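Trainee: no sequence on this one, just coordinates:
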């Protein structure tokens, strides 16, 4: 029956709903993407412009590849003042949270004279990919741009495909405007990723490319990984709700469907201590889905990748959740904050009945670019830390180096690196020591 | 002439010495690696054991794939007490520096009742690849393992190929012992990476794989990126020395050669304000190289990827260095610490004449796993931060959510996500409000 969470007895069955949802990348896609990248590396602008004309139908040239100030102004006329205010408010909320992720350079000043530390420096050039097509996600512009800008990235540019008319969705322009991003390239697809990873005659190479895209974009990002940095390769979205017997089934049903509406591969799982709650959630699913625009997507996602698991206690629920490592975790229990110590793996955690996941997609301030498909075991929510790099520095006085001299020489020789040993040894050459003595 | 730094007039020429040193990965290698990964995903242990037998000649089975406690003991008999002491000292130095990279979870407790923050949690399972072959690098074991262990990673395992006799180099065993690592799998190559990325009947999947390897290992790591996390894909090593006219040519020559001895693709560049210094360094190169075991490698690397550039002032030197973004940067100038603000892009920075780069390879405490080939523009030195992940959490009270209600609903609808809007709306349903009033 549609819109009904199957109740599973076995955790493994439920875990399967989360796993292997990634669309596998066919050899054809990989080959096509590799060819595009190679062509752009070799031929630059010429190849890039050809692809844009072929794939998007846009007659692109050096002169029209950026959104012009006039186009910005024109587009923004279609965005009302209230919507702009909402974007500004969301940006302020995201900034307020992400500011806490800024970490300073630091230094140690030891009494023996050794000075060491770590510089934290922003990346300089970051490109944000924004998908074209029918649905526009200005929230994703904010979620990617705000941490980059807070980190201190000087040049944040947007990369987005357009149609033959060369127009960018006004609400994307509005989000860019709110973030102060002035450069928007009308270029998308694998060709856009390749162009910014390697640079062309017109487009300067960037240091990092972030943002979601279709399978060609995702594959291209993986191919250029190492040439530039990239963010995670996003998979389909998912929510796991942990609820006790007092949780509100109406809210749970709404939140499961908010996730399920993303796409056919979205997953929505409920783990609860109450059989009755599952029944009540199912009643609410059937009722509420009737009112939703994306009903058929929701029904399909819930049927294929939805599920419920009844456990005997909440501790078990959190243990299972940690094994799944969901992108979004809602904790609809009593004293939800006290459950944080039980959580190891989750992209973003929503505590209590008035912190629904969609609040986090837009306004709570936390980031909505999150690890999916179990990768929360090792990946983090996107943050300021993704737009800085760390360099170590060290300064040793001569007498301290001397105390390490013999050990470093022995260590280096054990690895067959006599040149390394020599670099230490020459600094304590007898002739030099005599010279030092003369000088003193 | 060998061992002579060519003096270039043009920065672009020098920059070229750094760029494009990466061995390009042939289609044959990629195809072979992809086949191995697929086979291991499908057939697990069986395929893995076959590859180990074929590639390494080691008759592997479930019973002998780990180094046994007896083998550990036996191997360690070949390591003298002084060497163990040196390893312990290096580990203590690395720990002392990296401890400063630990960052706590944090929380904000706003007066309106909103609570938000970020959990910092260690990864649970990390594999460290250690190359086999003639040269063993126990220092690399320390550099990878110490930050992982400090981060709180519970299971750190080593993955290393063996020969037919099934033995692991005693100094690798010693480094593992010093770090408290007990699990060493006698498995290497692309098959080892695939086995730990996907798991087999015998080997549990890990969350992250770090450590250097040959082109098959590096390619396999890139292929499994996303399935597990990986560290950077390391390229050939490099040093850039910035020196003023008072720098000691003997030390500079020694340090350039310490880098050049790594391999034929290593790069060693001097940027200085003094023509005379270049001449003096060349004299020293020619003299010192005669004493070094890896003379021919050094000569070739210096010839192909060495170079000098004379600039009119130090500010220019740092600007050029930032464009190159070297793995190692030595600052051999007066007041080297005061130059830190000029440095944007460098993996690790060595200040003053008694902080030679090889000190950092072993004993200063900073990490020697560093971004190469210009990737210091966006990658960091390996650190504790590579072995943790961040999860956001948020808790909103009802009345604060209410202040965001209309804006989130408008925002969600603008993105075509009425299910998201519904998730907010149901929480302020009139019927519920009545119920709340009754209760109060």
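Mentor: That came through fine. Predicted model only: the values in this text are computed from it and were never measured. Numbering: from 1, shown residues only, chains lettered A, B, ... in the order given.
Trainee: in the stretch 1-150 of chain A, what residue lies closest to chain B?
Mentor: Closest approach between the stretch 1-150 of chain A and chain B, counting by C-beta to the nearest C-beta: residue A:86, at 4.7 Å. C-beta coordinates here come from the backbone N, C-alpha and C atoms, glycine included.
Trainee: pull the contacting residues for that residue.
Mentor: Neighbour list for residue A:86: B:407, B:410, B:411 [criterion: C-beta atoms under 8 Å, 6 or more residues apart in numbering or on different chains].
Trainee: any regions of chain A where pLDDT drops low?
Mentor: Within chain A, the set of residues satisfying pLDDT under 70 comprises A:1-4, A:8-9, A:17-18, A:20, A:22-23, A:431-440.
Trainee: break it into its domains for me.
Mentor: A:7-22+A:235-337+A:352-364, A:27-230, A:396-439 (automatic domain parsing).
Trainee: quick one: name the residues of the stretch 51-200 of chain A near chain B.
Mentor: Within the stretch 51-200 of chain A, the positions adjacent to chain B are A:82-83, A:86, A:89-90, A:97, A:100-101, A:103, A:106, A:108, A:115-119, A:121, A:123-124, A:134-139, A:171 by C-beta under 8 Å from any C-beta of the partner chain.
Trainee: how about 7 Å then?
Mentor: The stretch 51-200 of chain A comes close to chain B at residues A:83, A:86, A:89-90, A:97, A:100, A:103, A:106, A:108, A:115-116, A:119, A:121, A:123-124, A:135-137, A:139, A:171, as judged by C-beta under 7 Å from any C-beta of the partner chain.
Trainee: of the residues you listed, buried ones?
Mentor: A:83, A:86, A:89-90, A:97, A:100, A:103, A:115-116, A:119, A:121, A:123-124, A:136-137, A:139, A:171 (16 or more other C-beta atoms under 10 Å in any protein chain shown).
Trainee: helices or strands next to the helix or strand hosting residue A:194 in the packing?
Mentor: Assessed by DSSP states H and E, residue A:194 sits inside helix A:189-198. For helix A:189-198, the elements it packs on are helix A:27-43, helix A:45-56, strand A:208-210, helix A:215-224, judged by 3 or more C-beta pairs under 7 Å, 6 or more residues apart in numbering or on different chains; DSSP states H and E.
Trainee: run the chain-centre distance for that helix.
Mentor: 18 Å (C-alpha atoms, centre = their mean, to the nearest Å).
Trainee: contact partners of it?
Mentor: For helix A:189-198, contacts defined as C-beta atoms under 7 Å, 6 or more residues apart in numbering or on different chains pick out A:33, A:36-37, A:40-41, A:48, A:51-52, A:55, A:127, A:159, A:161, A:187, A:203, A:205-206, A:209, A:216-217, A:219-221, A:224, A:227-228.
Trainee: between helix A:27-43 and that helix, find me the angle.
Mentor: With axes from the mean of the first three to the mean of the last three C-alpha atoms, to 10 degrees applied, the angle from helix A:189-198 to helix A:27-43 works out at 40 degrees.
Trainee: wasn't residue A:391 part of a helix?
Mentor: No - counting by DSSP: H, G, I helix; E, B strand; the rest coil, residue A:391 is not part of a helix but strand.
Trainee: mind listing what the closest residue in space to it that isn't next to it in sequence touches?
Mentor: Nearest non-adjacent residue to residue A:391, counting by C-beta to C-beta, 6 or more residues apart in numbering or on different chains: residue A:119, 4.5 Å away. By C-beta under 7 Å, 6+ apart, the residues touching residue A:119 are A:105, A:390, A:391, A:393, B:340, B:343.
Trainee: might you report the residue contacts of the first one?
Mentor: Right, residue A:105. Residue A:105 neighbours (C-beta under 7 Å, 6+ apart): A:117, A:118, A:119, A:120.
Trainee: top of those by number of neighbours, please.
Mentor: The most crowded member of the contacts of residue A:105, judged by other C-beta atoms under 10 Å in any protein chain shown, is residue A:118 (25 neighbours).
Trainee: who does it form a beta bridge with?
Mentor: Beta-bridge pairing for residue A:118 (DSSP bridges): residue A:106, residue A:392.
Trainee: so which strand or helix has the closest residue to residue A:180 other than its chain neighbours?
Mentor: In this structure, residue A:180 finds its nearest non-sequential neighbour in residue A:149, 7.2 Å apart by C-beta to C-beta, 6+ apart. Secondary-structure assignment from DSSP H and E places residue A:149 in helix A:138-151.
Trainee: just checking, what packs against that helix?
Mentor: Going by 3+ C-beta pairs under 7 Å, 6+ apart, helix A:138-151 lies up against helix A:81-98, strand A:125-129, strand A:155-159, helix A:170-179.
Trainee: which of these sits most buried?
Mentor: For the helices and strands packed on helix A:138-151, the largest average neighbour count (mean count of other C-beta atoms under 10 Å in any protein chain shown) is found in strand A:125-129, namely a mean of 26.
Trainee: show me where the stretch 251-400 of chain A has strands.
Mentor: According to DSSP state E, counting those that start in this stretch, the stretch 251-400 of chain A carries its strands in the segments A:267-272, A:306-310, A:328-332, A:348-351, A:388-395.
Trainee: now what about the shortest one, what contacts it?
Mentor: Put plainly, it is strand A:348-351. In this structure, residues lying in contact with strand A:348-351 by C-beta under 7 Å, 6+ apart are A:328-331, A:336-337, A:343, A:356-357, A:360, A:366, A:370, A:381, B:391-395.
Trainee: mind running it again at 6 Å?
Mentor: By C-beta atoms under 6 Å, 6 or more residues apart in numbering or on different chains, the residues outside strand A:348-351 that reach it are A:328-331, A:336-337, A:357, A:360, A:366, A:370, A:381, B:391-393, B:395.
Trainee: same question for the second one.
Mentor: Residues from elsewhere that reach strand A:306-310 (C-beta under 6 Å, 6+ apart): A:5, A:6, A:7, A:8, A:14, A:17, A:268, A:269, A:270, A:271, A:275, A:278.
Trainee: TSV for the strands of the stretch 251-400 of chain A, including mean neighbour count and distance to residue A:251?
Mentor: Shown next, in TSV, are these (neighbours: other C-beta atoms under 10 Å in any protein chain shown; distance: least, C-beta to C-beta, whole Å):
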stretch	mean neighbour count	distance to residue A:251
strand A:267-272	28	12
strand A:306-310	23	15
strand A:328-332	28	7
strand A:348-351	28	11
strand A:388-395	25	38
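Trainee: what's the closest of these to residue A:294?
Mentor: strand A:267-272 (13.2 Å; C-beta to C-beta).
Trainee: and the closest one, does that touch chain B?
Mentor: No - against chain B, strand A:267-272 shows no contacts by C-beta under 6 Å from any C-beta of the partner chain, the least distance being 10.5 Å.
Trainee: for that strand, which strands pair with it and how are they oriented?
Mentor: strand A:238-243 (parallel), strand A:306-310 (parallel).
Trainee: now the residue nearest to residue A:391: how far from residue A:105?
Mentor: Remark: distance between residue A:119 and residue A:105 (C-beta to C-beta, to the nearest Å) = 5 Å.
Trainee: what is the burial count for the residue nearest to residue A:180?
Mentor: The tally of other residues near residue A:149 (other C-beta under 10 Å) stands at 21.
Trainee: what of residue A:31?
Mentor: For residue A:31, the neighbour count with other C-beta under 10 Å is 11.
Trainee: re the thing from before, CSV for the strands of the stretch 251-400 of chain A, including distance to residue A:319?
Mentor: Listed next are those as CSV, based on distance: least, C-beta to C-beta, whole Å:
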stretch, distance to residue A:319
strand A:267-272, 10
strand A:306-310, 12
strand A:328-332, 13
strand A:348-351, 15
strand A:388-395, 34
